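# compute the structure for the input listed below.
(chains A and B)
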Amino acid sequence: MIDLKLLQKDFGSVSDKLLKKGVDIKLLDLLKRKNEELKSAKANYETLQAAQNSMSREFGIYKKEGKDISELKERVDANKIKIAEALEAQRTKQDELESLAMSIPNIPDDDVPEGEDECSNVELKKILTPREFNFTPKEHWELAEQNGWIDFERGVKLATSRFSVSFGMGAKLERALINFMLNFNSKRGFQEVSVPSIVNRAALEGTGQLPKFEDDLYKIENQELFLIPTAEVPVTNLYQDEILSPSQLPIKMTAYTSCFRKEAGAAGRDTRGMIRQHQFHKVELVSITKPQDSDKVFDEMVQTASDLLSALELPHRLVMLCGGDLGFGAAKTVDLEVWLPGQNSYREISSVSNTREFQARRAKIRYKDENKNSFVHTLNGSSLAVGRTMVAIMENFQNEDGSITIPKVLEPYIN
RNA sequence: GGAUAGAUGGGUGAGUUGGCUGAAACCACAUCCCUGCUAAGGAUGCGUACUGGUAACGGUACCGAGGGUUCGAAUCCCUCUCUGUCCA
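So this is what the prediction gives:
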């Protein structure tokens, strides 16, 4: 959630920055007005309530002293009616404000480039040179089927489109990757956690998936529970509504989970293969830091994901997302795109974001800063999406006959 | 699924014949004093959020969540959620 006090105090600069993310100024203006209305409604209610409270106290004293209370009772009853009205007014304002505020995205950092979509993203650097093929490299679905690693039809049979099944070496490679990534991240100081794949509404509101993006979530029937779209949700919300001590920070965690997404609005995109599935495996990094440390930890997380790709000998590049391509909760995002020779292009395989206070404010994650409580910064990033890593390995390590060499670092995990 | 007990501040845990209780006490924590050494003792402070005020200092709300009764509820009533124990 954006900082309403900041909006109130410095409307100009907040709205300028949110413009980068395509937010209508009228909406912000409305939010500001609602906030002011709520404040005055609240003040009104509290004044009435204060009077009520003091009369109630008098009431007790009168009774104790055996005084006549009928006059007091009249005043108190009259005030009571006003209170009910004031409370109702305040609640309406509160609800209006909250639903509006919850739908405003995070303020992007100053160094986020302008732009509407991925065309304006800025490449930061390339790591490793794509290999030269002396044959035409195949796309991963062809290789996957040829090697018997992945069965797309049977996935559809069991569930629906955008589901697949891994067999044999394919399944093994998947498991090897998960273990390799978790171990790698642990060595970089990220503590491993294992979390539920089902979470409640509060958790999803905390990280910003709700209320705006309910359409993309699988919901458990008749319950306020959802399948997680990313481990970011349960892991970040581990510390929901807590006040951490500064000595605990930074908290750096890594978790493996399945992720579930309806992919609403992605119709027709990446329909073939396993780039975009409804269920996919992902190893995630999540950090909770003091505000002054979040940039440093952000870099560490990008570096960890990049080094992971390098260890797997996968050429990739780092891309800074522009304002228009930035996710709802992110103040800043660096994507890692892996080279796919079959597609002859770089494709996203990891996304590292700093949400700054945005999620912390929603999820009420604070820390004791000297004597006052301040919001922490939360960061998340994939390291890596397992399915897409499989794709990258297949395409980059393919041989002319369609066989696939296993990257050296994975050998201990396979045998 | 049935029965029963419970849910209080960072922790343990009082308070349930409704009224100066936002909440005792202890622990933890912070600062200071004393002391002087792998200690102990003493003093003070110490919930969260919003809000008024330059400040001093005030106001409102919160005792699992949401309703209700009442001039007034942590305390009474209802619903829900969760936890413990026992039974199927």
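# quick check, the residue in the stretch 101-250 of chain A closest to RNA strand B?
Here the stretch 101-250 of chain A gets closest to RNA strand B at one residue, A:I243, 6.1 Å apart by C-beta to the nearest atom of the strand. (C-beta placed from N, C-alpha, C; glycine too.)
# what's near enough to touch the closest residue to that residue other than its chain neighbours?
Closest residue to A:I243 apart from its sequence neighbours, by C-beta to C-beta, 6 or more residues apart in numbering: A:R366 at 4.9 Å. By C-beta atoms under 8 Å, 6 or more residues apart in numbering, the residues touching A:R366 are A:E242, A:I243, A:L244, A:A360, A:N373, A:S374, A:F375, A:V376.
# list only buried entries from these.
Buried residues within the contacts of A:R366, counting neighbours by 16 or more other C-beta atoms under 10 Å: A:L244, A:A360, A:S374, A:F375, A:V376.
# and the third one, helix, strand or coil?
In this case it means A:S374. strand (DSSP: H, G, I helix; E, B strand; the rest coil).
# so what sits opposite it in the bridge?
A:Y367 (DSSP bridges).
# surely it meets A:T289?
No - at 11.6 Å, A:S374 does not count as touching A:T289 under the criterion of C-beta atoms under 8 Å.
# could you say what helices and strands the longest helix anywhere in chain A packs with?
Assignment by DSSP state H gives helix A:25-65 as the longest helix of chain A. Packing contacts for helix A:25-65, counted by 3 or more C-beta pairs under 8 Å, 6 or more residues apart in numbering; DSSP states H and E, involve helix A:4-9, helix A:11-19, helix A:70-101.
# which residues touch A:L225?
A:I198, A:V199, A:N200, A:K219.
# can you tell me which of these is nearest A:I251?
Compare each of those with A:I251 using C-beta to C-beta and the shortest gap goes to A:V199, at 18.6 Å.
# give the buried subset of the contacts of A:L225 as a PyMOL selection command.
Applying 16+ other C-beta under 10 Å to those leaves a buried subset, and the PyMOL line that selects it is:
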select buried, chain A and resi 199+200
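# what does the stretch 151-300 of chain A have sitting close to RNA strand B?
Contacts of the stretch 151-300 of chain A with RNA strand B, taken as C-beta under 7 Å from any atom of the strand, map to A:I243.
# and the helices in the stretch 151-300 of chain A?
A:152-158, A:168-187, A:201-207, A:232-236, A:294-311 (DSSP state H, counting those that start in this stretch).
# what packs against the shortest one?
So that's helix A:232-236. helix A:201-207, strand A:251-260, strand A:279-289, strand A:377-385.
# same thing but at 6 Å, please
helix A:201-207, strand A:279-289 (3 or more C-beta pairs under 6 Å, 6 or more residues apart in numbering; DSSP states H and E).
# contact residues of the stretch 1-150 of chain A facing RNA strand B?
So far as C-beta under 7 Å from any atom of the strand goes, the stretch 1-150 of chain A lies against RNA strand B at A:5, A:39, A:42-43, A:45-47, A:49-50, A:52-57, A:59-61, A:63, A:73, A:76-77, A:80.
# of the residues you listed, keep whichever come out buried.
Here, 16+ other C-beta under 10 Å leaves A:K42, A:Y45, A:Q52, A:M55, A:V76 buried among these.
# list just the nearest of those residues to RNA strand B.
So of those, ranked by how close each gets to RNA strand B (C-beta to the nearest atom of the strand), first place is A:V76, at 4.4 Å.
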